[in-house]
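1. only geometry, no sequence info:
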């Protein structure tokens, strides 16, 4: 039972990533890694078989989504 629950959660998380980032998980993972490690978009495009415009669009999308969800990573505010 626990193993099947784990498989279900794994599938759900992959579906979530695909829906949120609109990319296959493997592609998104490589692009995100490249962005976080400062790999130039031109180099990423060449290695992944994408256009530089596609890679830059993904990088910009990551930045927008990080900014839009920044409040979710903040510490809670103590009241009282």
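-> Received the coordinates, thanks. No experiment lies behind these values; they were computed from the predicted model shown. Residues are numbered from 1 along each chain as shown.
2. phi first, then psi, for residue 76.
-> The phi and psi values for residue 76, taken as degrees, to the nearest 10, are phi -70, psi 150.
3. that one: how many residues sit nearby?
-> The tally of other residues near residue 76 (other Cβ atoms under 10 Å) stands at 5. Glycine gets a C-beta too; all of them are placed from N, C-alpha and C.
4. how about stretch 44-64: buried residues?
-> Residues of stretch 44-64 classed as buried: 44, 45, 50, 54, 55, 56, 58, 59, 61, 62 (neighbour count, 16 or more other Cβ atoms under 10 Å).
5. name the element the first one belongs to?
-> So the one you mean is residue 44. Using DSSP states H and E, residue 44 falls within helix 41-48.
6. residue 32 sits in which helix or strand?
-> Here residue 32 is assigned to helix 25-36, by DSSP H and E.
7. quick one on the thing from earlier: got the angle for the helix holding residue 44 vs helix 25-36?
-> Following axes from the mean of the first three to the mean of the last three Cα atoms, to 10 degrees, one obtains 150 degrees for the angle between helix 41-48 and helix 25-36.
8. which elements pack onto the helix or strand just after helix 41-48?
-> As assigned by DSSP H and E, the chain's next helix or strand after helix 41-48 is helix 52-68. When contacts are defined as 3 or more Cβ pairs under 8 Å, 6 or more residues apart in numbering; DSSP states H and E, helix 52-68 packs onto helix 2-21, helix 25-36, helix 41-48.
9. stretch 56-76 - what's its average pLDDT?
-> Averaging pLDDT along stretch 56-76 yields 90.
10. likewise for stretch 33-50?
-> For stretch 33-50, the mean pLDDT works out to 96.
11. contacting residues around that stretch?
-> 27, 30, 31, 51, 52, 54, 55, 56, 58, 59, 62 (Cβ atoms under 8 Å, 6 or more residues apart in numbering).
12. understood, closing this out.
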